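Engineer: Need a 3D model of the sequence below.
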Amino acid sequence: MSDRNWFYASEGQQKGPLPEAQLRDLITRGMVGADTLVWTEGMAGWQKAGEIPGLVPSAAGAPPAFPQAGGPPPVAASGSYSGGTLSADFPIWGLFGRSLLMFIGQIFVIPAPWTATGLYRFAIPYIRVPGRPHLAFNGQPLDIWYVFIVLGLLTYAGAANSNIVTLLSLLLQGFLSWMIVRWILGNLSSSGRELPISFKGSPVAYVGWYVAMVISAITIIGWAWVMTAWVRWICRNIDGTRREVTFNASGLEVLWRTIVFSIGCAFLIPIPWVLRWYANWFISQFALTERGAYAES
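Structural biologist: Numbering: from 1, shown residues only. Predicted coordinates:
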């Protein structure tokens, strides 16, 4: 096989093609291990490098299945590569700039659909999902423009100085937030192909969590545990994939990191750095696990 070109999987993305000599060099340097999935023309599917006889030193395994022509199958087709932790590496100034524009857009209301959509379209491609390379967001500013317009207007609801208006504003904000979550999850794609993902959580339950989150702020620290439970509930209600989304952070981890983030923001200058630090950490707390062999992808 020395004259063949190989592909290998790294961080949920397909790498290659590259000559076998180069692949062996990566193996020698430890960049490709026995558990790394590899593929070359003639193989029926992706296999661990250690299962390819003679490819990884001291690794013995079953011979690859032959034959199959054409390009490599999707990396996600391998069951052994269907899970793992999400990660992100947002650029400091890009994330800060887009977040600032979204904040300004909400204040001025009219630009809100464009600035919010711009942030999502910018940030989501920097999120690495195992088995889902080249993640992207395909939503358009006018899809649910009215949601962002109303949210912008609700930022001024406090001027009414009325408890009834404040309560109604809180409930409406929760409902609109539910609509945004559905919209984001329903407009994700991987390598240019739309993902069949949807959010099945009910609006009543979502608004309930939203209100509980606001009320728990009275306890100063209790909100972190409510937020953690809320995010886990959201994850359980993501549908359309055989992999279950989980959130692994504890309430204490959310609490102290949010405190550090808030202190950094209070000093203004550190905002771009603490924003990136917090966002990268938050994404890394999500993971994908198998629902079971009976579930469809």
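Engineer: mind listing the helices for the protein?
Structural biologist: Using DSSP state H, the helices of the chain run over 20-28, 92-108, 112-123, 145-154, 163-185, 203-216, 223-236, 251-266, 271-284.
Engineer: Report the distance from the last one to the chain centre.
Structural biologist: When you say that, I think you mean helix 271-284. Offset of helix 271-284 from its chain centre (Cα atoms, centre = their mean, to the nearest Å): 14 Å.
Engineer: From the contact counts, what lies against that helix?
Structural biologist: strand 87-88, helix 92-108, helix 251-266 (3 or more Cβ pairs under 8 Å, 6 or more residues apart in numbering; DSSP states H and E). Where C-beta positions appear, they are placed from N, C-alpha and C, glycine not excepted.
Engineer: Save these as a markdown table, and put in mean pLDDT, mean neighbour count and distance to residue 156 too.
Structural biologist: Output for these, formatted as a markdown table (pLDDT from 0 to 100; neighbours: other Cβ atoms under 10 Å; distance: least, Cβ to Cβ, whole Å):
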| stretch | mean pLDDT | mean neighbour count | distance to residue 156 |
| --- | --- | --- | --- |
| strand 87-88 | 90 | 18 | 33 |
| helix 92-108 | 96 | 16 | 9 |
| helix 251-266 | 96 | 15 | 22 |
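Engineer: Any chance of a markdown table for those, columns distance to residue 10?
Structural biologist: Compiled in a markdown table, the helices and strands packed on helix 271-284 are given as follows (distance: least, Cβ to Cβ, whole Å):
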| stretch | distance to residue 10 |
| --- | --- |
| strand 87-88 | 12 |
| helix 92-108 | 23 |
| helix 251-266 | 27 |
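Engineer: Determine which of these approaches residue 228 most closely.
Structural biologist: helix 251-266 (4.7 Å; Cβ to Cβ).
Engineer: okay, and for this protein, where does confidence drop off?
Structural biologist: 1-2, 11-12, 58-83, 291-297 (pLDDT under 70).
Engineer: ok, now with 80
Structural biologist: 1-3, 10-14, 16, 29-31, 42-46, 57-84, 131, 158-161, 242, 290-297 (pLDDT under 80).
Engineer: so what's the residue nearest in space to the middle of it bridging to?
Structural biologist: Nearest to the mean C-alpha position of the chain, by Cα atoms, centre = their mean, lies residue 127 at 5.3 Å. Per DSSP bridges, the residues bridged to residue 127 are residue 88.
Engineer: ok so, going back, I'd like the helices of the chain laid out as a markdown table, including distance to residue 243.
Structural biologist: Compiled in a markdown table, the helices of the chain are given as follows (distance: least, Cβ to Cβ, whole Å):
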| stretch | distance to residue 243 |
| --- | --- |
| helix 20-28 | 27 |
| helix 92-108 | 26 |
| helix 112-123 | 21 |
| helix 145-154 | 28 |
| helix 163-185 | 14 |
| helix 203-216 | 22 |
| helix 223-236 | 11 |
| helix 251-266 | 23 |
| helix 271-284 | 16 |
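Engineer: between the ones you listed, which gets nearest to residue 37?
Structural biologist: helix 20-28 (12.3 Å).
Engineer: which strands and helices sit next to that closest one?
Structural biologist: strand 5-10.
Engineer: Report the buried residues of the strand it packs on.
Structural biologist: Neighbour counts over strand 5-10 (16 or more other Cβ atoms under 10 Å) mark 6, 7, 8, 9 as buried.
Engineer: Likewise for stretch 139-155?
Structural biologist: 139, 141, 144, 145, 147, 148, 149, 150, 151, 152, 154.
Engineer: Include distance to residue 20 when you put those residues into a markdown table, please.
Structural biologist: Converted to a markdown table, these look like this (distance: Cβ to Cβ, whole Å):
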| residue | distance to residue 20 |
| --- | --- |
| 139 | 42 |
| 141 | 48 |
| 144 | 50 |
| 145 | 53 |
| 147 | 53 |
| 148 | 52 |
| 149 | 57 |
| 150 | 58 |
| 151 | 55 |
| 152 | 57 |
| 154 | 60 |
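Engineer: what's the farthest-apart pair in the residues you listed?
Structural biologist: 139 and 154 (20.8 Å).
Engineer: Quick check: the closest residue to residue 173 other than its chain neighbours vs residue 182, distance?
Structural biologist: With Cβ to Cβ, 6 or more residues apart in numbering as the measure, residue 154 is the residue that lies nearest to residue 173, at 5.8 Å, once sequence neighbours are left out. Counting by Cβ to Cβ, to the nearest Å, the gap from residue 154 to residue 182 is 19 Å.
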